[in-house]
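**Q** what follows is a predicted structure for the sequence shown.
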Amino acid sequence: MIDKPTLWIVIIALGIGSFFLRFVFTGLVGARAMPDWLLRHLRYTAVAILPALVAPQVIWPQATGGETEPARLAAACVTLLVGLLSKNVIAAILSGAFTLYGLLYLL
């Protein structure tokens, strides 16, 4: 277990580091136009981060001791499919949640 001062130091340090990384792109560039290739890559950053955060919890969930669980894989597939077809984030999240909890209840 991490003590509270260490935890807050890490949180503050990560916040400051995150701010300065974003500041380099937005604050220092100022009113100058960014190149098209950079803007194109920046658009995909958020799309890449969410799957990177979710994938380990789907494939190696801590709740099952790291064993892959069919209910979690099915919920992830339903979420992806609903998201692609509807282009609605809330619908995708809710459909995945209902699938996960429905399958966990049935199994």
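**A** Sure, I can see it.

**Q** roughly how far is whichever strand or helix holds residue 50 from the heart of the chain?
**A** Element membership for residue 50 (DSSP states H and E) is helix 45-59. From the chain centre to the centre of helix 45-59 is a distance of 4 Å (C-alpha atoms, centre = their mean, to the nearest Å).

**Q** and it, what's buried?
**A** By neighbour count with 16 or more other C-beta atoms under 10 Å, helix 45-59 contains the buried residues residue 58. (C-beta placed from N, C-alpha, C; glycine too.)

**Q** and for stretch 11-21?
**A** In stretch 11-21, no residue is buried by neighbour count (16+ other C-beta under 10 Å).

**Q** any idea of the mean pLDDT for it?
**A** Across stretch 11-21, the average pLDDT comes to 93.

**Q** next up, the contacts around the residue positioned nearest the centre of the chain.
**A** The centroid of the chain falls nearest to residue 50 when counting by C-alpha atoms, centre = their mean (2.2 Å). By C-beta atoms under 8 Å, 6 or more residues apart in numbering, residue 50 lies in contact with nothing.

**Q** from residue 73, how far out is it?
**A** Residue 50 sits 17 Å away from residue 73, going by C-beta to C-beta, to the nearest Å.

**Q** thinking again about what came up before, C-terminal to the helix holding residue 50, what's the next element?
**A** helix 70-86.

**Q** buried residues, that next one. List them.
**A** Quick answer for helix 70-86 (16+ other C-beta under 10 Å): 71, 72, 74, 75, 76, 78, 79, 82, 83.

**Q** name the surrounding residues that touch that helix.
**A** Helix 70-86 has contacts (C-beta under 8 Å, 6+ apart) with 54, 57-59, 61, 88-89, 91-93, 95-97, 99-100, 103-104, 107.
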